[in-house]
Structure formats: structure tokens, C-alpha cells
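Colleague: The following block contains a protein sequence and its predicted model.
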Amino acid sequence: MDNAHVVTGVSGPANTPAWRRFTPPLIAAGIGVGTLALLHFRDPHVEGSYGLCPVYALFDVYCPGCGGMRAMHNLTDGRIIDSLHSNLLVLPLVLAFAVFVIDWFGRARRGQRWRLPGLSPVTVWTFFALLIGYSVLRNTPWGTWLTPV
């Protein structure tokens with residue numbers, strides 16, 4: 001008999017009760033769905049509905065997140081082009097979050113621990129460089145097509 005498959009006496013994710021394994025990804029999924037529901041039913045296009053962006057209020061420039069709530073609202077209405085016009089970053093970030101939570105559920109189902117995506121330093125620095133470039137461009141006359149609507 002192969003002893004590699006015997007798991008008696010081992011404490012770890014595989015022996016954790018199902019409700020404890022599924023609680024964290026369920027909470028993350030619930031927060032995501034709750035956020036989408038809130039932004040669907042309370043329209044951020046209405047001025048003052050969520051207050052002011054502190055970066056825009058203090059410095060009169062668009063931060064990388066400006067227009068994000070409007071983009072999420074547009075996504076829940078099925079207006080993908082309007083969503084991309086409000087904030088180009090929201091759709092890829094929502095998709096990445098969904099993939100992360102689905103992977104988390106799958107790993108919890110198999111009794112494995114959750115994991116963060118493995119990103120190389122080059123990928124991380126490239127992302128930050130693109131984020132800074134996006135922020136600068138959307139505040140110049142050449143980047144008016146990136147300003148939130």
C-alpha cells in the first residue's frame with residue numbers, strides 16, 4: 001500500500017471543515033456582488049450621490065480611480081463601451097477579481113490554501129508605470145478621451 005496517500009493525523013486545509021474553507025471566498029464574493037448591487041441601484045452619475053473624489057477635490061486632477069464607480073454602474077447596466085470610457089481600468093480589474101475568487105473557491109473545494117497570483121517584479125513595475133502613464137495622460141489635452149464621463 002502506498003503510504004503517500006494516507007492523511008490520518010494531519011491537520012491542515014484538507015482536514016478543515018467545509019464551512020471554514022468556503023467562508024472566506026464566500027465573503028469576498030459577497031462583497032463583490034454587494035458592491036455591484038449598490039452601484040447598480042444608487043447611480044454614481046448623480047452628482048454628490050457618493051461625495052467627492054478627494055484627489056479631484058484637492059488637486060483638480062483625475063486619479064487612476066476617478067470614474068471607477070460610474071464604470072461599475074455602466075457595467076451593471078450592460079453598457080461596456082460607456083464603462084470603458086468612464087474608467088479603462090475597471091473592466092480588467094473586475095475580471096481579475098472574478099478569476100481570483102473562482103480560483104479561491106476551486107482551491108477551497110480541493111482542500112488547498114488560497115494563493116496570491118505570482119507576479120514577477122518586472123510585471124509589478126510595468127503595471128505601476130502604466131498606471132502612472134494612464135494617470136498623467138488622462139489629465140493632459142491629448143488624453144481627454146480617458147477622462148471620466
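Modeller: Thanks, I have the structure now.
Colleague: ok now stretch 17-31, how far from the chain's centre?
Modeller: Distance of stretch 17-31 from its chain centroid, counting by C-alpha atoms, centre = their mean, to the nearest Å, is 17 Å.
Colleague: mind showing which ranges of the chain have poor pLDDT?
Modeller: 1-14 (pLDDT under 70).
Colleague: Give me the distance from the longest helix anywhere in it to the chain's centre.
Modeller: Longest helix of the chain, by residue count under DSSP state H: helix 18-41. Put simply, helix 18-41 sits 12 Å off its chain's centre (C-alpha atoms, centre = their mean).
Colleague: quick one, what contacts residue 63?
Modeller: Counting by C-beta atoms under 8 Å, 6 or more residues apart in numbering, residue 63 touches 53, 55-56, 135. All C-beta atoms are positioned from the backbone trio N, CA, C, and that covers glycine.
Colleague: Now do the SS call for it.
Modeller: coil (DSSP: H, G, I helix; E, B strand; the rest coil).
Colleague: so how far is residue 78 from it?
Modeller: 26 Å (C-beta to C-beta, to the nearest Å).
Colleague: now do residue 114
Modeller: For residue 114, the distance to residue 78 - C-beta to C-beta - is 31 Å.
Colleague: Quick one: the helices in this structure, in order.
Modeller: Going by DSSP H, the chain shows helices at 18-41, 54-59, 68-76, 80-86, 90-109, 121-137.
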